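> Sequence first, then the predicted structure:
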Amino acid sequence: MEKSRPYVILSAAISIDGKIATRTGRSNLSSKKDLVRMHNLRKSVDAVLIGKNTVNIDNPLLTVRYVKGKNPIRVILNSKGNLSPKLKVINTAKKIHTILVVSENAPKNVERFVVKGVEIIRCGKKKINIKKLLKILGEKGIKRIVVEGGGTTNWYFFKEKLVDEIIITVTPYVLGGSTAISLVEGIGFGNVSNSFKLKKIEKLQNEIVLHYVS
Ligand SMILES: NC(=O)C1=CN([C@@H]2O[C@H](COP(=O)(O)OP(=O)(O)OC[C@H]3O[C@@H](n4cnc5c(N)ncnc54)[C@H](O)[C@@H]3O)[C@@H](O)[C@H]2O)C=CC1
Ligand SMILES: Nc1nc(O)c(N)c(N[C@@H]2O[C@H](COP(=O)(O)O)[C@@H](O)[C@H]2O)n1
């Protein structure tokens, strides 16, 4: 692992059939117990990272609320920099450090988010270069980061072999649907070769939490 790159944990809740949301984008899969576990994870990292669709669909806060602790820095991947200013992550950016990552081709008007308290990082020509981004985040003192989806964002991290640990909660739902988002989207691997080692299994009431390491 490069010295300056943060340790990357990928975290999500999946249905029994491997989906992270219904075909209509509903993703409230975790139990309260699991959310407490997840907020403990958030407080243990320096940053939490998600993709544009997750921000738009979930309108999340990405804070530590179910337990006491420090909020991580929020990192949003949005190559075009075209988020709605009404989103919670934008509206609370003066209080909670929020970084919007855009590509070098993003229009100049992304700077409009700066007055809202958002820090902008330009990284990668058309797509965001994740490897380069992690180096930049490492140089800012970010040592541990949790990637919280969605499926497309997860793919970019797996594709570049940048996932050090996976924490997956298997929840007791079957969602189905060929258009429902899976844990990992993108084009996918052609071979069965990208394996992880099982480190721990936790049993919550009706869920299991799987911990894998690279
Ligand atoms: N159950 C769970 O634990 C979770 C469920 N979700 C669900 O996942 C769904 C969204 O997932 P997806 O549609 O796969 O989208 P996503 O949230 O991964 O966002 C994808 C978008 O992010 C941007 N992006 C990500 N990586 C990029 C890169 N390297 N370069 C440039 N742009 C990049 C692009 O705009 C891309 O289209 C939502 O329904 C959400 O509710 C999301 C997170 C966790
Ligand atoms: N671990 C986990 N379990 C679920 O059931 C989820 N839906 C998610 N989603 C992630 O958490 C974000 C919501 O965060 P806030 O509650 O708004 O702080 C959501 O956007 C996903 O990244 N994760």
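Received the coordinates, thanks. Ligands and ions are numbered 1, 2, ... in the order given.
> Longest helix in the chain, please.
Counting residues, the longest helix found in the chain (DSSP state H) is helix 32-43.
> close to ligand 1, is the next helix or strand after that helix?
Following helix 32-43 in sequence order, the next helix or strand is strand 47-51 (DSSP states H and E). Yes: applying Cβ under 6 Å from any ligand atom, one finds strand 47-51 touching ligand 1 at Ile50, Gly51. The way it works is simple: take the backbone N, C-alpha and C, and place the C-beta from them, glycine included.
> Low-confidence ranges, this protein, go.
Counting by pLDDT under 70, the chain has low-confidence residues at 1-3.
> which residues touch the longest helix of the chain?
Outside helix 32-43, the residues within contact range by Cβ atoms under 8 Å, 6 or more residues apart in numbering are 9, 11, 13, 30, 48, 62-72, 146, 167, 169, 171, 202, 204-205, 207, 209.
> Distance from that helix to the middle of the chain?
Mean-position distance between helix 32-43 and its chain equals 14 Å (Cα atoms, centre = their mean, to the nearest Å).
> List the contacts of Asn91.
Going by Cβ under 8 Å, 6+ apart, Asn91 touches Pro85, Lys116.
> Kindly report the same for Ala21.
Ala21 is in contact with Ser27, Ile57, Gly150, Leu175, Ala180, Ile181, counting by Cβ under 8 Å, 6+ apart.
> and these near ligand 1, which?
Among these, the residues that sit close to ligand 1 (Cβ under 6 Å from any ligand atom) are Ser27, Ile57, Gly150, Ile181.
> sorry, back to before: is the longest helix of the chain up against ligand 2 anywhere?
Yes: using Cβ under 6 Å from any ligand atom, helix 32-43 reaches ligand 2 at Met38.
> before we move on, back to that, buried subset of the contacts of helix 32-43, written for ChimeraX?
Command for ChimeraX that selects the buried part of the contacts of helix 32-43, burial taken from 16 or more other Cβ atoms under 10 Å:
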select :9,11,13,30,48,62,63,64,66,71,72,146,167,169,171,204,207,209
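> show me what contacts Ile76?
Leu49, Ile50, Gly51, Lys52, Val55, Leu83, Val89, Thr98, Ile99, Leu100, Val101.
> can I get the residues you listed in a markdown table with neighbour count and distance to Phe189?
As requested, those are exported to a markdown table (neighbours: other Cβ atoms under 10 Å; distance: Cβ to Cβ, whole Å):
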| residue | neighbour count | distance to Phe189 |
| --- | --- | --- |
| Leu49 | 30 | 22 |
| Ile50 | 23 | 22 |
| Gly51 | 24 | 19 |
| Lys52 | 20 | 23 |
| Val55 | 23 | 27 |
| Leu83 | 19 | 30 |
| Val89 | 22 | 31 |
| Thr98 | 21 | 32 |
| Ile99 | 21 | 29 |
| Leu100 | 26 | 30 |
| Val101 | 26 | 25 |
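> All the helices of the chain, residue numbers only.
Going by DSSP H, the chain shows helices at 32-43, 52-58, 88-91, 130-139, 151-159.
> Would you reformat these as TSV and include distance to Gly190?
Shown next, in TSV, are the helices of the chain (distance: least, Cβ to Cβ, whole Å):
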stretch	distance to Gly190
helix 32-43	32
helix 52-58	25
helix 88-91	35
helix 130-139	20
helix 151-159	12
